[in-house]
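[1] return a 3D structure for these sequence lines:
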Amino acid sequence: MGRTGHTRVLIIDNHPLFCAGLVSCLEKHNKFNVVGITDKTETAIKIAEKENPAFVIMEIFPGKENGMDLISKLKSINPEITILVISINEERFYSERVLRLGARGYIMKTASCELVMEAIFTVLGGKVYLSENERERIFLALTDENNRGIKDWPLSIQKLSNRELEVFMLIGKGYSTIEIASRLSLSTKTIDTHKEHIKLKLHCGTSHELRQQAIKWSNHSF
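    Presented below is the predicted three-dimensional model:
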């Protein structure tokens with residue numbers, strides 16, 4: 001486990017087959033030492049504290065947990081840690097968000113082993129990795145050259161806080177207020193407050209419209 005000179009890696013994901021494939025990609029380069037694989041945020045924190053990995057490869061929604069909160073926690077343990085998000089979730093909805101939290105890159109799970117390794121070496125080299133399409137989208141958004149008058153969902157979604165985004169995602173998956181409250185360990189009153197904030201930010205006049213938009217967004221975010 002403790003190979004000198006190898007980058008210590010923590011993998012956070014809930015798909016064993018994907019993790020095995022990722023480990024196989026890493027082993028081909030003989031530059032990495034995987035010190036832990038988990039899908040639980042608490043376990044990931046314990047591994048980070050004990051094993052001191054220099055590099056984390058993670059899904060932002062490993063199982064039922066919110067990995068976006070974990071990014072900040074990992075950075076608080078070690079501000080120098082490098083984090084690459086590899087996710088099934090569409091990057092145009094999450095890339096800017098995870099970069100603001102401290103991750104160095106975002107790549108989709110549909111990418112080839114070669115492209116994943118390119119992303120890994122890019123972020124370990126101190127640079128940011130995003131797909132060419134995502135870099136272009138962000139550039140157009142920043143320079144205000146994207147199509148005016150057309151609702152840009154990625155820009156609208158960026159207005160939501162991490163918790164609001166999580167609630168919005170669960171609405172889109174068909175969960176009721178009570179179910180969302182139970183899943184997130186919050187009160188129904190708090191969930192209703194989040195819903196009202198989301199409606200304001202996404203310009204939804206009614207709860208029905210909010211649900212319809214959440215379902216539509218959910219169908220296009222994977």
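
[2] so, low pLDDT: which residues of the chain?
    By pLDDT under 70, the low-scoring segments of the chain are 1-5, 64, 139-155, 219-222.

[3] where do the strands sit along it?
    For the chain, the strands defined by DSSP state E cover 7-12, 32-38, 55-58, 82-87, 105-108.

[4] out of those strands, the one nearest Ser176 is which?
    Across the strands of the chain, Ser176 has its closest neighbour in strand 82-87 (26.0 Å, CB to CB). For every residue, glycine as well, the C-beta is placed using N, CA and C.

[5] count the residues that sit near the nearest residue to Val123 once chain neighbours are set aside.
    Of all residues not flanking Val123 in the chain, Arg104 sits nearest, at 3.9 Å (CB to CB, 6 or more residues apart in numbering). Around Arg104 there are 23 other residues, counting by other CB atoms under 10 Å.

[6] distance of the residue most central in space within the chain from Lys189?
    Centroid-nearest residue in the chain, with CA atoms, centre = their mean: Ile60, separated by 3.2 Å. Plainly put, Ile60 is 27 Å away from Lys189 if you go by CB to CB, to the nearest Å.

[7] hmm, back to that, quick check: the nearest residue to the residue nearest to the centre of the chain once chain neighbours are set aside vs Thr206, distance?
    Nearest in space to Ile60, with sequence neighbours left out and distances taken as CB to CB, 6+ apart, is Gly67 at 4.3 Å. For Gly67, the distance to Thr206 (CB to CB) stands at 32 Å.

[8] who has more neighbours out of these two?
    Using other CB under 10 Å, the more surrounded residue of Gly67 and Thr206 is Gly67, with 25 against 9.

[9] so the more buried one touches Ile57, yeah?
    No. Applying CB atoms under 8 Å, one finds Gly67 not in contact with Ile57, separated by 11.2 Å.

[10] quick check: neighbours shared by those two?
    Shared contacts of Gly67 and Ile57 (CB atoms under 8 Å, 6 or more residues apart in numbering): Ile12.

[11] domain ranges for this structure?
    Using automatic domain parsing, the domain parsing of the chain gives 7-137, 159-220.

[12] of the ones you listed, which stretch is the most buried?
    Mean neighbour count (mean count of other CB atoms under 10 Å) peaks for domain 7-137 among the domains of the chain, with a mean of 18.

[13] now do the same end-to-end measure for that one.
    Domain 7-137 has an end-to-end distance of 32 Å (CA to CA, to the nearest Å).

[14] so what's the gap between that domain and the chain middle?
    Distance, stretch centre to chain centre, for domain 7-137: 9 Å (CA atoms, centre = their mean, to the nearest Å).

[15] neighbouring contacts of stretch 112-119?
    Gly21, Leu22, Ser24, Cys25, Lys28, His29, Leu84, Ile86, Gly105, Ile107, Ala111, Tyr129.
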